[in-house]
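Student: need coordinates for the following:
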Amino acid sequence: MAKDDYHVIVYRFLSYLYACLKKGIRTDPKTFERGGPVFGWIPESYMQFVYKTLKEEKFISGLSVEWYEDDMHVEGLEYMSITPLGIEYLTDNSLMERVKRFMKDIKATTPGM
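Tutor: Next up is the predicted model:
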């Protein structure tokens, strides 16, 4: 598993949203910038794929995703939240559990993480 694997990114994405929900705070749009803690330095098209699939799977809400020709615009990041279905996926999915262990191993073996 690598830091830029889809399921690792989804884990970081949904974990952040769930933490915001539990704290009663809005999301910080900077968290979702390219190079930020959720996406890292993945290509823009990969970021778009993640937004699109999480919205289509109904794991997130409050986000507006609009397509203009061959470009996607995302609005409302500060209003985005995890849905009950997203929480269930994050907490009850065996693949997410493996990603969680992977993330703990990375933190334990990589200085500065």
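Student: just checking, residue 72 is part of a strand?
Tutor: Yes: looking at residue 72 with DSSP: H, G, I helix; E, B strand; the rest coil, it is inside a strand.
Student: distance of it relative to residue 38?
Tutor: For residue 72, the distance to residue 38 (Cβ to Cβ, to the nearest Å) stands at 16 Å. Yep, even glycine has a C-beta here, placed from its N, CA and C like the rest.
Student: those two: who's more crowded?
Tutor: Shown here are residue 72 and residue 38; by other Cβ atoms under 10 Å, residue 38 has more neighbours (22 against 16).
Student: so for stretch 82-99, mean pLDDT?
Tutor: With pLDDT averaged residue by residue, stretch 82-99 scores 85.
Student: make 252 the first number, not 1, from now on.
Tutor: In the new numbering, first residue 252, that becomes stretch 333-350.
Student: endpoints of it, how far apart?
Tutor: 18 Å (Cα to Cα, to the nearest Å).
Student: now do stretch 286-302
Tutor: As for stretch 286-302, its first-to-last residue distance stands at 16 Å under the measure Cα to Cα.
Student: for the chain, just list every one of the helices.
Tutor: Assigned by DSSP state H, the helices in the chain fall at 257-274, 295-307, 335-343, 345-360.
Student: what's the longest one in contact with?
Tutor: Judged by Cβ atoms under 8 Å, 6 or more residues apart in numbering, the contacts made with helix 257-274 from elsewhere in the structure are 252-253, 277-278, 282-283, 288-291, 293, 301, 305, 310-311, 331-333, 337-338, 340-341, 346-347, 350-351, 353-354.
Student: hey, C-alpha coordinates of it in PDB?
Tutor: Listed in PDB are the C-alpha atoms of helix 257-274, where the atom choice follows Å, rounded to 0.1, in the frame of the first residue of the first chain:
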ATOM      1  CA  TYR A 257      -7.100   5.500  -3.500                       C
ATOM      2  CA  HIS A 258      -8.100   3.800  -0.200                       C
ATOM      3  CA  VAL A 259      -5.400   5.600   1.800                       C
ATOM      4  CA  ILE A 260      -6.700   9.000   0.400                       C
ATOM      5  CA  VAL A 261     -10.300   8.100   1.100                       C
ATOM      6  CA  TYR A 262      -9.300   7.100   4.700                       C
ATOM      7  CA  ARG A 263      -7.600  10.400   5.300                       C
ATOM      8  CA  PHE A 264     -10.500  12.300   3.700                       C
ATOM      9  CA  LEU A 265     -13.300  10.600   5.600                       C
ATOM     10  CA  SER A 266     -11.300  10.500   8.900                       C
ATOM     11  CA  TYR A 267     -10.900  14.200   8.700                       C
ATOM     12  CA  LEU A 268     -14.600  14.800   8.000                       C
ATOM     13  CA  TYR A 269     -15.600  12.500  10.900                       C
ATOM     14  CA  ALA A 270     -13.200  14.300  13.300                       C
ATOM     15  CA  CYS A 271     -14.700  17.600  12.300                       C
ATOM     16  CA  LEU A 272     -18.300  16.300  12.800                       C
ATOM     17  CA  LYS A 273     -17.400  15.000  16.300                       C
ATOM     18  CA  LYS A 274     -15.800  18.300  17.300                       C
END
